[in-house]
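Trainee: pasting a predicted model and its sequence here:
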Amino acid sequence: MSMILLGTGFAFFASPNTTQIMRKIPKEAFASASSFLGLMRFLGQSLSTSILTATMLAFKTSTPMEESLTAYLVVAAVGTSMVAISMHGKKT
């Protein structure tokens with residue numbers, strides 16, 4: 001179920017985001033911009049996975065897993081709220 005939610009959320013964000021970025025790029029720079037966008041996406045996914053894993057392992061012995069997941073969900077909710085607030089009133 002969580003993978004379905006993740007995939008749906010990514011689909012709602014990634015497609016419009018990529019479209020808006022590529023609209024601002026001159027046609028002769030499409031290849032470079034697309035490569036850079038893919039690189040940044042890969043780095044973001046790799047770093048976030050590494051940071052989450054390191055954080056969960058750091059608290060593994062002293063904190064039950066449920067509390068770690070709750071903390072992660074709170075941080076994710078705060079981040080999502082910050083993005084939503086920053087987008088409020090902006091025209092796409």
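Mentor: Okay, I see it. Fair warning: this is a prediction, and the values are worked out from it, not measured in the lab.

Trainee: show me the helices in this protein, by range?
Mentor: Under the criterion DSSP state H, the chain carries helices at the ranges 2-23, 30-58, 65-87.

Trainee: what angle sits between the shortest one and helix 30-58?
Mentor: Relative orientation of helix 2-23 with respect to helix 30-58: 150 degrees, computed using axes from the mean of the first three to the mean of the last three CA atoms, to 10 degrees.

Trainee: pLDDT at Arg23, what is it?
Mentor: At Arg23, the pLDDT value in this model is 91.

Trainee: which elements pack onto the least confident helix or strand in the chain by mean pLDDT?
Mentor: Using mean pLDDT, DSSP states H and E, helix 65-87 stands out as the lowest-scoring helix or strand of the chain, at a mean of 82. With contacts taken as 3 or more CB pairs under 8 Å, 6 or more residues apart in numbering; DSSP states H and E, helix 65-87 sits against helix 30-58. No exception for glycine: its C-beta is placed from N, CA and C like everyone else's.

Trainee: so for the least confident helix or strand of the chain, what gets flagged as buried?
Mentor: When neighbours are counted by 16 or more other CB atoms under 10 Å, the buried residues of helix 65-87 are found to be Ser68.

Trainee: and the angle for that helix with helix 2-23?
Mentor: Angle of helix 65-87 versus helix 2-23, following the same axes, to 10 degrees, is 30 degrees.

Trainee: how far off centre is helix 65-87?
Mentor: 12 Å (CA atoms, centre = their mean, to the nearest Å).
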